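Novice: structure for the following, please:
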Amino acid sequence: MNHLTHDTIVALATPNGTGAIGVIRLSGPDAVVIANSVFKGKNLTKQASHTIHFGTITDGDLVLDEVLVSLFVGPRSYTRENVVEISCHGSNYIIQSIIKLLIRQGARSAKPGEFTLRAFLNGQFDLSQAEAVADLIASDSKASQQVALQQLRGGYSSELKDLREQLVHFASMIELELDFSEEDVEFANRGQLKQLIHDLTRVIGKLIQSFELGNAVKQGINTVIAGRPNAGKSTLLNALLNEERAIVSHIAGTTRDTIEETLNINGINFRLIDTAGIREATDAIEQIGVQKTMEKISQSALLLYVFDVESITPDELSQDIQNLYKPGLPTLLVANKIDIVPDYKQRYSPALPEGVTLVAISAKEKLHISQLKQLVYDTTIQGRLNGNETLVTNIRHLEALQKTEQALIKTLSGIDMQVTSDFLAMDIKQALHYLGEITGTVTTDDLLDNIFSKFCIGK
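Specialist: Sure, this is the predicted structure:
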């Protein structure tokens, strides 16, 4: 991607396809002049910023459409350049005709994410905030939208800014010491530097720990529904979704492959995965299904183990729990068909390990389904998410934070070992480099290309 900003770019900012309106965006030094050359109405070059004007777009004597033109004169715009947005009717023919006309007048087609790239290059926001724009567009739940919005407003880059500036100050003091190395002077107080690094590692450690929850909020929480054949797994999936999504049959082994659907609970997306029944497979296809079940369980963030209180014995239940239980994997035991066997507790209590969470339902009768949903939420999210919490959701940021932490630990070790200023300066520079990768203080063309190429065109 060519990161030049002296030209004017154009793209459709609304989704492709026929709609009521389409918004065509221009950004660059000649955006107003180019728009004005095809606009019949007021002279746009003489109008104030943040104003809207009605008129027509014409190609010579041919009127293409009646439009509204919005002016944003730089630096008071999204990109900090002159920006013009043309709201036209949503006909694909009209949209493409206007874009082709604007290109003939001197604009060029924007690349994916180029408007946001220009906003970053022009200092509108840092790189982590630019990435939050893409996350905000892609958000599909209240929680993911809130996390992306908080990051767009500054997020953890603002948390790190002050500490980073202090670290830069110490780095400059240590560099100064190198200039007076023969005089054996110490401009950077090692005790204060050590305390700063402790403060920084504490903040970074908290951010690193937040990634598990942040990634779950962003991507959705993998929730596997597992159990023996005919335990009611597919019926439970349908009950949770309140629709007939999975085939339900009394024939054991009906589900041969996984079925995945999304359920939103209190603003969090849970990716429900209905799996094949766990048993000794009777054929090769069922065996593949059972293997997939075990793979999904190993990748899950929450396991719902469903058992049929009408048929499974306490010993079989105990054996299943032992086979499926994995340390660190939250597991809910779901006793199904309690409408048929209401005294299930007395029968199964001896088989339940200490501390396990048991919830009783009737999937067919949709009994206690709302309680199960709340328990699913409480088990994974309750108490961990609040409106002011800063969460890391980007794997690139996580890796940079981990490398920063390692560099800071190395710096602390150097202070304790009383290494010379040149080695200490190298370790601090490395930590600052990785911190800079998060906010964009340190960038490469390859990094920017990789980030912004994933944006939609027009943003």
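
Novice: any idea how far the residue most central in space within the chain is from V309?
Specialist: Ranked by distance to the mean C-alpha position of the chain (C-alpha atoms, centre = their mean), the top residue is K218 at 3.8 Å. Counting by C-beta to C-beta, to the nearest Å, the separation of K218 from V309 is 37 Å. For every residue, glycine as well, the C-beta is placed using N, CA and C.

Novice: hmm, back to that, nearest spatial neighbour of the residue nearest to the centre of the chain, chain-adjacent residues omitted?
Specialist: Among residues not flanking K218 along the chain, T393 sits closest, at 4.2 Å (C-beta to C-beta, 6 or more residues apart in numbering).

Novice: again, but for A425
Specialist: Distance criterion C-beta to C-beta, 6+ apart; nearest residue to A425, sequence neighbours excluded, is I174 at 4.7 Å.

Novice: compute the number of surrounding residues for the one you found.
Specialist: Per other C-beta atoms under 10 Å, the neighbour tally for I174 reads 24.

Novice: so it: helix, strand or coil?
Specialist: Under the three-state scheme (DSSP: H, G, I helix; E, B strand; the rest coil), I174 adopts helix.

Novice: my guess is it meets F423, correct?
Specialist: No - counting by C-beta atoms under 8 Å, F423 is not a contact partner of I174; they are 10.0 Å apart.

Novice: can you report how many residues lie near N43?
Specialist: N43 has 10 nearby residues by other C-beta under 10 Å.

Novice: state the mean pLDDT of stretch 383-392.
Specialist: The average pLDDT within stretch 383-392 is 74.

Novice: report the buried residues of that stretch.
Specialist: Burial within stretch 383-392, assessed by neighbour count using 16 or more other C-beta atoms under 10 Å, is assigned to 385, 390-392.

Novice: quick one: end-to-end length of that stretch, please.
Specialist: 17 Å (C-alpha to C-alpha, to the nearest Å).

Novice: for the longest helix seen in the chain, what is the distance to the chain centroid?
Specialist: In the chain, taking DSSP state H as the definition, the longest helix is helix 190-219. Put simply, helix 190-219 sits 19 Å off its chain's centre (C-alpha atoms, centre = their mean, to the nearest Å).

Novice: just checking: what are the partner strands of whichever helix or strand comes after it?
Specialist: Where DSSP states H and E defines the elements, the next helix or strand beyond helix 190-219 is strand 221-227. Using DSSP bridges, strand 221-227 pairs in its sheet with strand 268-274 (parallel), strand 302-308 (parallel).

Novice: hmm, who's touching strand 221-227?
Specialist: The contact list for strand 221-227 (C-beta atoms under 8 Å, 6 or more residues apart in numbering) reads 233, 236-237, 263, 268-275, 277-278, 293, 296-297, 299-308, 320, 324, 334, 376, 380-381.

Novice: could you export it as PDB, CA atoms only?
Specialist: As requested, the backbone C-alpha atoms of strand 221-227 are provided in PDB (Å, rounded to 0.1, in the frame of the first residue of the first chain):
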ATOM      1  CA  ILE A 221     -17.700 -17.700  23.900                       C
ATOM      2  CA  ASN A 222     -17.400 -21.300  22.600                       C
ATOM      3  CA  THR A 223     -20.000 -23.300  24.500                       C
ATOM      4  CA  VAL A 224     -20.100 -27.000  23.800                       C
ATOM      5  CA  ILE A 225     -23.200 -29.100  24.400                       C
ATOM      6  CA  ALA A 226     -22.100 -32.700  25.000                       C
ATOM      7  CA  GLY A 227     -23.400 -35.900  26.400                       C
END
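
Novice: kindly calculate the angle that it makes with helix 190-219.
Specialist: 50 degrees (axes from the mean of the first three to the mean of the last three C-alpha atoms, to 10 degrees).

Novice: helices of the stretch 301-450 of the chain, residue ranges please.
Specialist: For the stretch 301-450 of the chain, the helices defined by DSSP state H, counting those that start in this stretch cover 314-324, 344-348, 369-380, 395-416, 421-439, 445-452.

Novice: okay, buried residues for stretch 90-104 please.
Specialist: 90, 94-95, 97-99, 101-102.

Novice: next, format the strands paired with strand 221-227 as a markdown table and append mean neighbour count, mean pLDDT and distance to V84.
Specialist: Below are the strands paired with strand 221-227 laid out as a markdown table (neighbours: other C-beta atoms under 10 Å; pLDDT from 0 to 100; distance: least, C-beta to C-beta, whole Å):
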| stretch | mean neighbour count | mean pLDDT | distance to V84 |
| --- | --- | --- | --- |
| strand 268-274 | 23 | 91 | 37 |
| strand 302-308 | 23 | 92 | 49 |
